[in-house]
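**Q** Take a look and give me a structure for this.
(chains A and B, ligands or ions: 5)
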Amino acid sequence: MADRDINTSTKPDLRVNCGGINAPNPFWLASAPPANSGLQVQRAFEAGWGGAVWKTLGTPIQNVSSRFGGHTIRGVQGAGFNNIELITDRPLETNFREIAETKRLFPKHAMVVSLMVETRQEWQDIIKRSIDAGADGLELNFGCPHGMCERGMGSAVGQEPKINQEITSWAVEYSTVPVLVKLTPNVSNIIPHGIAAKRGGAHGVSLINTIKSIIGVDIDRFVPEPRVGGLSTNGGYCGSAVKPIALHMVAALAREKEFGLPISGIGGITNWRDAVEFILLGSSSVQVCTEVMLKGYRIVEDMIDGLENYMQEKGFATIDQMVGKAIPAFSEWGDLDLNYETVAKIDASKCIGCQVCVAACHDGAHQCIHPTTNGTRVPIVDESECVGCNLCQIVCPVPGCITMQPVTNGYQPATWNQHVHDGKSLRPKKGAH
Amino acid sequence: MSASLPPSLPPSLPPSLPADRSEAAFTDYKLPLAREHAIAEANRCLFCTDAPCVNACPTRIDIPQFIRKISTDNVKGSAKTIFEANILGMSCARVCPVEVLCVGACVYNNMDSPPIQIGKLQRYATDAAFEKDWRFFEAGPDTGKSVALIGGGPASLAAAHELRRFGHRCTIFEKRAILGGLNTTGVAPYKMRADQSLREVDWILSIGGIDLQLNTSIGEQIALADLESTFDAVFVGAGLGADSALNIPGESLPGVVGAVQWIEHIKRAKATLDGVSRCVVVGGGNTAIDAVRQAIGLGIPRVTMLYRGSEAGMSGYQHEWDAAKQHGAIGEWKALPVAFEGSGPSDTSKVQRIRCQRLDDAKKPIANSDFTVDADLVLVAIGQSKLGQMLGSLSGITIDKGRVVTDATGYTGRTKWYAGGDCTNGGKEVVNAAAEGKAAAHAMHDFLMTTKRT
Ligand SMILES: Cc1cc2nc3c(=O)[nH]c(=O)nc-3n(C[C@H](O)[C@H](O)[C@H](O)COP(=O)(O)OP(=O)(O)OC[C@H]3O[C@@H](n4cnc5c(N)ncnc54)[C@H](O)[C@@H]3O)c2cc1C
Ligand SMILES: Cc1cc2nc3c(=O)[nH]c(=O)nc-3n(C[C@H](O)[C@H](O)[C@H](O)COP(=O)(O)O)c2cc1C
Ligand code: SF4
Ligand code: SF4
Ligand code: SF4
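**A** Residues are numbered from 1 along each chain as shown, chains lettered A, B, ... in the order given. Ligands and ions are numbered 1, 2, ... in the order given. From the prediction side, this is the model:
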């Protein structure tokens, strides 16, 4: 029925090319349980997913039970998620047979095969078999932070730029299809790792893999979670809660001049809006794992038409026009205008008098929102003291009640760098007495 | 038994809705959700697999999907999901008895938590579509086929819209001066006022290519045979007929009116209620409860529902009757009206009271149990007559107790003839009419595209 949509003629083009891998749309399954088998990936493609990165292949392993832990944040189950699962536990022949079958049924969808093996010979063999099965691209899993790294793979590779570069160069040598390197976030600075992949000849990178974590502790049994009998181990953190970390790592690479490779963005994407954010910060495709695990493949319907509606509204005809659009506005702290000043304003007609902002400002900020003595419960902002930190706006339960409004203070824009190097004058500090 | 009441109200009402019509006194009883409330409620939805709420919706709206789209602020996508399944999704959001449909089936009921407010969320998305004038559908390429639709209510509107998407030309024949059927003339104004229904009609018609012949009664002004020879297919969406009568003495006294007729009157005109202080509604179904609530809403001090069964045995929805009671409705149970009377036996100027008999549990009159209930307005709500007879002359069409019999697709058994809505289901809800009209459009499409044009 969708072809009878009135907007057909003006529909934006969702097709993407990420590092030479083409797909009908930017929404790909990340390498994880949702991309574990042929029937799953076929159902996902039917539901609308544009690509899939197959569950990492290597020498099949044995998994533990249980494997996953959920992070409940203020009543929201699964706001964060972690797992101690390893790579595929299914025979390689089965995986390759299903990859070939899926590719045959969905020739236009992106079929990326994630790989993790040890020796150069193993890399050569598994790459050949993947390409023979019909892979459109490869993803080198240098990211898994548990189980595999202890065996010298996964994040053990991703944390060492030299090894990363070397293995990438092997893969690129043996591969006739594009190679993406999947980076681990378990590093202090992502840039050398992206550059190592580039030097190795990668066609793009995908990030982030999961973050080393303990999801919680069973406080009755005195065992961390998830519990395997009487023991547990550290796992990989993912899901909505990791999005800010992932966004930063994606953006840091996207704006790095020396880097310049296409990025497949991953980490905490749950809906079209999250995807738009990743794209605006430089991703030319996005991958999803946890939200699919929690809600199923059907979530892609909203991702697709939410993205289309957004593009139509903003006048974007192609995804390319959006990629990295917010990168120019992502700068160093030293280049921010210190003379730009905002203060909080409370719309008394909207205020419900909870005074949550009073506690926040008094205990967590600069003690400049005060209860009134005039009988109303609408607090008053002492604008001469308000530093414009946003805290009250963040805690206020009423949308649009507290707004941060720019102040004209008569000072010309001046950044810290300009102040230090050119002696530009700064406005007097507020709230610093 | 089904002779209709003599009209003691003006027989014809103007096509335009006067601003001072009585229904204007009513405001929505279910308030719309603000954005933040809608998003919070949407985030409670579990996005169930094989969701029971969907299975409970006659039009099978993908409820988890439209709700998820609200949660991500993709309101346009949400509205599209709704309208794709049910083009009357805006009015259904207001008038559907969700308590016994989708909301009643929500899995939260199984864990003693409040079910998702599906109707309100549907209203949130569809109201936005009307407010921003989003249009989602366009007519299909012209097939050269044309379909006549008898009646301009929900069933025909849903059918015509779907037929246009397939590219078939449509002509709606409506005996009234306005479209929308009972959605315009019957639905309680605190659920939806007539102007809102007419707005929906315009929105649906904006797909283009639907010709209208208003004030045209099929069977009277135009013969069925003429439709059959002029059009490639015919859809019957004529709904039900006039209010049924009790057929007891005094029924023609001024002040005794059919409930559906009275409701249409207050929705389309200003009703004079001078001197009315005691209203009695005869019946125990949803029309009766609606009439009770509207009579109370218009300020009539004493409003009584008079029903031959017990309170628990009423066919109307319990949640609606509970609401009526909260507003002051009085119940008179196990009562059988035997005559309407003026001030005396020879007074025929106006009804004054109803003479009744008390019934036992088996609904048999109890001897010497006569009593009277005072009334200066009596609304008879014991059902509507069935219009099926009008098709009785066409061979191949079966009429069962006044209902037009069809198969599951809406086909009547006579080549070219399809039907749906109240005239086939005997009187259900707007959403059933929408589902049946759409299903029949698909069956007609299959028929039109596989038969050679003659
Ligand atoms: C008082 C009342 C309250 C209701 N409240 C609700 C509610 O809250 N929620 C809900 O979901 N449902 C409600 N319903 C039921 C709902 O209105 C109907 O189920 C629905 O409107 C049926 O649609 P339809 O198209 O089959 O018939 P109708 O809505 O009855 O439309 C039939 C149309 O055909 C026209 N017509 C009839 N004969 C001819 C002819 N010979 N030639 C040309 N035109 C003709 C009629 O004038 C009418 O416009 C209510 C019904 C009543 C009576
Ligand atoms: C249960 C589970 C298994 C995973 N297995 C793999 C894997 O085999 N290979 C891999 O590259 N990433 C694996 N990941 C990481 C995901 O592909 C993804 O990078 C990460 O979960 C962040 O995305 P998300 O927030 O959408 O889940 C796994 C994640 C989970 C939760
Ligand atoms: S989700 Fe399925 S496999 Fe996992 S524990 Fe539950 S039933 Fe078992
Ligand atoms: S938090 Fe918002 S609503 Fe509450 S007192 Fe402050 S301004 Fe008013
Ligand atoms: S049954 Fe309730 S919770 Fe489940 S999808 Fe429907 S509305 Fe949502």
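**Q** where does the residue in the stretch 351-454 of chain B positioned nearest to ligand 5 land in three-state SS?
**A** Residue nearest to ligand 5 within the stretch 351-454 of chain B: B:V431 (15.9 Å; CB to the nearest ligand atom). Every residue, glycine included, has its C-beta placed from N, CA and C. Following DSSP: H, G, I helix; E, B strand; the rest coil, the label given to B:V431 is helix.
**Q** If you average pLDDT per helix and strand, which one of chain A comes out bottom?
**A** helix A:155-158 (a mean of 84; mean pLDDT, DSSP states H and E).
**Q** Which elements pack onto it?
**A** helix A:161-174 (3 or more CB pairs under 8 Å, 6 or more residues apart in numbering or on different chains; DSSP states H and E).
**Q** Any stretches of the stretch 251-400 of chain B with poor pLDDT?
**A** Within the stretch 251-400 of chain B, no range satisfies pLDDT under 70.
**Q** Which residues of the stretch 151-300 of chain A lie near chain B?
**A** Within the stretch 151-300 of chain A, the residues that sit near chain B (CB under 8 Å from any CB of the partner chain) are A:271-273, A:295-296, A:298-299.
**Q** Let's see the ChimeraX selection covering just the buried ones among the residues you listed.
**A** Applying 16 or more other CB atoms under 10 Å in any protein chain shown to those, the buried members can be selected in ChimeraX as follows:
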select /A:271,272,273,295,296,298,299
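**Q** For the residues of the stretch 151-300 of chain A next to chain B, give me a markdown table that also has distance to ligand 4, secondary structure and pLDDT.
**A** Shown next, in a markdown table, are these (distance: CB to the nearest ligand atom, whole Å; DSSP: H, G, I helix; E, B strand; the rest coil; pLDDT from 0 to 100):
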| residue | distance to ligand 4 | secondary structure | pLDDT |
| --- | --- | --- | --- |
| A:N271 | 27 | coil | 98 |
| A:W272 | 29 | helix | 98 |
| A:R273 | 24 | helix | 98 |
| A:K295 | 32 | helix | 97 |
| A:G296 | 37 | coil | 98 |
| A:R298 | 37 | coil | 98 |
| A:I299 | 33 | helix | 98 |
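**Q** Give me the subset of the residues of the stretch 151-300 of chain A next to chain B that also touch ligand 1.
**A** Applying CB under 6 Å from any ligand atom, the subset of those adjacent to ligand 1 is empty.
**Q** how about the least confident helix or strand of chain A as PDB, C-alpha atoms only?
**A** Coordinates of each C-alpha in helix A:155-158 appear next as PDB, following Å, rounded to 0.1, in the frame of the first residue of the first chain:
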ATOM      1  CA  SER A 155      39.100  -5.300  22.100                       C
ATOM      2  CA  ALA A 156      42.600  -6.600  22.800                       C
ATOM      3  CA  VAL A 157      43.200  -5.700  19.100                       C
ATOM      4  CA  GLY A 158      41.000  -2.600  19.100                       C
END
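**Q** For the residue sitting furthest away from the middle of chain A, what are phi and psi?
**A** Using CA atoms, centre = their mean, the residue of chain A lying farthest from its centre is A:N374. It sits 47.8 Å away. Main-chain torsions, A:N374, degrees, to the nearest 10: phi -90, psi 10.
**Q** how close does it sit to A:A360?
**A** Remark: distance between A:N374 and A:A360 (CB to CB, to the nearest Å) = 22 Å.
**Q** now B:P365
**A** Distance from B:P365 to A:A360, by CB to CB: 73 Å.
**Q** Show me chain B divided up by domain.
**A** Each domain of chain B is listed here as a residue range: B:35-132, B:146-239+B:387-449, B:243-383, per automatic domain parsing.
**Q** Distance from the chain centre to the last one, please.
**A** It stands for domain B:243-383. Relative to its parent chain, domain B:243-383 has a centroid offset of 20 Å by CA atoms, centre = their mean, to the nearest Å.
**Q** That one and ligand 1, are they touching?
**A** Yes: using CB under 6 Å from any ligand atom, domain B:243-383 reaches ligand 1 at B:260, B:263, B:287, B:290.
**Q** is it possible to export those residues to JSON lines including distance to ligand 2 and neighbour count?
**A** Shown next, in JSON lines, are the residues of domain B:243-383 next to ligand 1 (distance: CB to the nearest ligand atom, whole Å; neighbours: other CB atoms under 10 Å in any protein chain shown):
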{"residue": "B:V260", "distance to ligand 2": "56", "neighbour count": "25"}
{"residue": "B:I263", "distance to ligand 2": "54", "neighbour count": "28"}
{"residue": "B:T287", "distance to ligand 2": "53", "neighbour count": "26"}
{"residue": "B:D290", "distance to ligand 2": "50", "neighbour count": "25"}
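**Q** Pull the most distant pair out of those.
**A** Using CB to CB, the pair of the residues of domain B:243-383 next to ligand 1 lying farthest apart is B:V260 and B:D290, separated by 9.3 Å.
**Q** mind listing what's buried in stretch B:246-262?
**A** Neighbour counts over stretch B:246-262 (16+ other CB under 10 Å) mark B:246, B:250-251, B:253, B:255-262 as buried.
**Q** Dump it to CSV, restricted to CA.
**A** Presented in CSV, the C-alpha positions along stretch B:246-262 are these (Å, rounded to 0.1, in the frame of the first residue of the first chain):
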residue,chain,number,x,y,z
LEU,B,246,-44.1,0.2,20.9
ASN,B,247,-47.5,0.1,19.1
ILE,B,248,-49.5,0.9,22.2
PRO,B,249,-52.3,3.4,22.7
GLY,B,250,-51.3,7.1,22.8
GLU,B,251,-48.1,6.7,20.9
SER,B,252,-49.1,9.5,18.6
LEU,B,253,-49.5,12.0,21.4
PRO,B,254,-47.3,15.1,21.0
GLY,B,255,-44.3,14.6,23.3
VAL,B,256,-43.7,10.9,22.3
VAL,B,257,-40.8,10.8,20.0
GLY,B,258,-38.3,8.2,18.7
ALA,B,259,-35.0,8.6,20.5
VAL,B,260,-32.8,8.5,17.3
GLN,B,261,-35.0,11.1,15.7
TRP,B,262,-34.8,13.3,18.8
